[in-house]
Structure formats: C-alpha cells, structure tokens
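J.: Fold the following for me, if possible:
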Amino acid sequence: MNQEQKKMMIQEIKKWKESKLVPTEYCDFLLNLYAEGESFSHDQRTGKESSSKSTWRTSLNNGILGKILLVIVGLLLFLIFALNFTLFPEPMQIAVLLLGTIFPYIMYFRSRNKSLLARTTWLFVAVLMVAGVGYYYLSTGQFLGERSAVMGTMAIVFLLWVISGGIGRSRLVAGIGTLGLVLLYATLLEDVMNIGGSSYGVQHFYYFVPAVLSLFLAAVLGRYRVYVAPVFLLFGVVVLFGPDLRTLLFGLTMDLLVQIFVFLKLAVLITLGIVFLPGLKKWTGQLSQ
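T.: Numbers count the residues shown, from 1 in each chain. Down below sits the predicted model:
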C-alpha cells in the first residue's frame, strides 16, 4: 500500500471514530497499524499536551504558589533586617546571606519530584540570591567603582547561573547566564583589547575562540545528555556573527566584501540547519527526556 492509500485509509478510520460507527479502541488500533506505530490514541495525544498545564493548575489550586511567595517574602524581610541591623557584625551578615542563598537551593531539591511551579520558582529565587551575594560583596568592599572587580564578580555570578541551570534543568537560567558571559567577553574586547581598531578578519579570530568553545561544550554535554546543551549550541552559532553584530550595534558601515562574507555565513548556516534539522530535533528530544 502506497503513502497516498494509507492517508486515505487513515482519514476514513478517523471518520469512523468520530461517527462512533466502530469502537474507539478498534479505531486506535487501526490508526496505529496504518501509521506504522505512531500513536493516534486520544488519551496519548492529549495526555502529553495537558500534563504540563495540569501540573501548573494543580499547583495553583493547592495554594503552592501562595506558600512559596509567603516564604520568599519572609526570607527577604529577614535578610533586609539582618543586613541593615548595625549590631550584627559583618561576618554574621555574610553568614546570614549565605544561608539565605543556600535555602532556596535546598527547597528546590526537595521539590524536584513534586510541583513544576515550585521547583522553577525556587530555582529562580536561588539564582537571584546569588546575584544579591555578588552585589553585597561589591558594596561592602566598596568595589562598585572598580570596573575589573565588577566584571569579575559578574562573571562568577553568571557562571553560577549556568551551572545552576544545568543542575536544575532550566535552559532559561542557563541561557541568561551564558548571555551574560558573552556580553562580558564582548565588553572585555572593547575596553581591554580595543577590538575597534582591529581589522574585520582579526575581530573574527577573537570571536572564533569562544564560539568554538561553546560548540565544543554543546557536543560534550549533549553526548552525556545534559539538558542545557542546546543553549551552548545556540550561543556558539550566534557568537560566530560577533563582528557583524558589533558593526550593526555601533552603526558602522559594511563595505561590499563584509556584506558578501555575512551573506556566505548565513547561507552556510541555513544550509546546515536544513540538512541537520531532523538530527537536531531528535537530539533535542533526547536531551528533554
């Protein structure tokens, strides 16, 4: 039976199912048979689509969000009181801040097998507390005016965000951390390496190094089925266009040679995307399991 005949048969069976001419179980069996194993069962089709929504609705109905917000508000009030109460010595303030940072991580690990809403919220609270620790270090040490100290602290914070996203299976958190590291690297190139005075080819070399590193991490992490591996693949591809994005950002003029080079890179990227799209979908699906 060719593909056209199979499609016609599948459409006919669907009509039987909708009109109740044949029991649903027999229709599902016939649909799976003609679709060569692809499930057409109503329960299987709708179960996956509604599982995520039902999890969030169940969390809201059980008042989990309200409990989380209440604990977060109490935690923030305690930290504000502890860090601004002058009778507390500085080591005590640091200890309180560290405990306040560790607490959301503990709550995240406790809720990993429970509510999706709970573990997502606790992970975001944890990474925000990490940023709070970085700001506290800069402010108490009076380093806010020192560019190197600020960039170094931000690099550590963003790196911890990437690690937290990897451990917590959150591509959003890992993506924000990776974006922060990329922007810090671009700022370093502008201020320290004075990349603006370099040629277009030399600028590619500076951006080629982090791009290759990011693609390498995507390959290695993807091999071990780490959930955030696609994040590094995405940013590795984006960083390859670093000199071109810089030209657009600063409103610089692209000569004909640069335009041709950008067109060639886009053509190669689109071609590779079309060729490897099925493999990328399969790869991403395996990482999501």
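
J.: List the contacts of Trp283.
T.: Counting by Cβ atoms under 8 Å, 6 or more residues apart in numbering, Trp283 touches Gly222, Pro230. (Each C-beta comes from the backbone N, C-alpha and C, glycine too.)

J.: May I see the buried residues of whichever strand or helix holds it?
T.: Trp283 belongs to helix 256-288 when assigned by DSSP states H and E. By neighbour count on 16 or more other Cβ atoms under 10 Å, the buried set for helix 256-288 is Phe261, Val262, Trp283, Leu287.

J.: and the least confident of those residues?
T.: Scanning those for pLDDT, the smallest score is found at Leu287, 85.

J.: Check whether that residue really touches Val226, as I assumed.
T.: Yes: assessed by Cβ atoms under 8 Å, Leu287 is found in contact with Val226 at 7.1 Å.

J.: Which parts of the protein are helices?
T.: 3-19, 24-34, 42-61, 64-84, 90-110, 116-140, 147-167, 171-191, 200-223, 229-239, 242-249, 256-288 (DSSP state H).

J.: how many neighbours does Gly242 have?
T.: Gly242: 21 surrounding residues under other Cβ atoms under 10 Å.

J.: 433 is where my numbering starts, stick with that
T.: Got it, the first residue is 433 from now on, which makes the last one we talked about Gly674.

J.: Tell me how far Tyr639 lies from Ile692.
T.: Tyr639 sits at a distance of 18 Å from Ile692 (criterion: Cβ to Cβ, to the nearest Å).

J.: Ignore what I typed, I meant Pro536.
T.: Using Cβ to Cβ, Pro536 is found at 50 Å from Ile692.

J.: Show me where the stretch 433-582 of the chain dips below the pLDDT cut-off.
T.: The stretch 433-582 of the chain contains residues with pLDDT under 70 at 433-437, 451-455, 457-458, 461, 465-504, 507-520, 522.

J.: mind listing what Phe667 touches?
T.: Taking Cβ under 8 Å, 6+ apart as the criterion, Phe667 is in contact with Gly607, Thr610, Leu611, Val614, Ser646.

J.: would you turn those into CSV with pLDDT?
T.: Rendered in CSV, the data for the contacts of Phe667 read as follows (pLDDT from 0 to 100):
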residue, pLDDT
Gly607, 94
Thr610, 95
Leu611, 94
Val614, 93
Ser646, 94
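
J.: okay if I get those as JSON lines plus neighbour count and distance to Tyr568?
T.: Listed next are these as JSON lines, based on neighbours: other Cβ atoms under 10 Å; distance: Cβ to Cβ, whole Å:
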{"residue": "Gly607", "neighbour count": "19", "distance to Tyr568": "25"}
{"residue": "Thr610", "neighbour count": "26", "distance to Tyr568": "24"}
{"residue": "Leu611", "neighbour count": "17", "distance to Tyr568": "23"}
{"residue": "Val614", "neighbour count": "19", "distance to Tyr568": "25"}
{"residue": "Ser646", "neighbour count": "23", "distance to Tyr568": "30"}
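
J.: circling back to that earlier point, which among the buried residues of helix 688-720 gets closest to Ala558?
T.: Ala558 lies nearest to Leu719 out of the buried residues of helix 688-720, by Cβ to Cβ, at 22.3 Å.

J.: ok, now which ones touch the closest one?
T.: Gly654, Arg657, Val658, Tyr659, Ala661, Pro662.

J.: If I follow the layout properly, the second one ends up in contact with Gly717?
T.: No: because the distance of 11.0 Å does not satisfy Cβ under 8 Å, Arg657 is recorded as not touching Gly717.

J.: Quick check: neighbours shared by the two?
T.: Counting by Cβ under 8 Å, 6+ apart, Arg657 and Gly717 have no shared contacts at all.

J.: For Phe575, give me phi and psi.
T.: When read as degrees, to the nearest 10, the backbone of Phe575 gives phi -100, psi 0.

J.: ok, how many other residues are close to it?
T.: Neighbours of Phe575 under the rule other Cβ under 10 Å: 15.

J.: That one and Met586 touch, don't they?
T.: No: judged on Cβ under 8 Å, Phe575 makes no contact with Met586 at a distance of 11.5 Å.

J.: Report the separation between Ser674 and His636.
T.: No, residue 674 isn't Ser; it's Gly. Applying Cβ to Cβ, one obtains 8 Å for the distance of Gly674 from His636.
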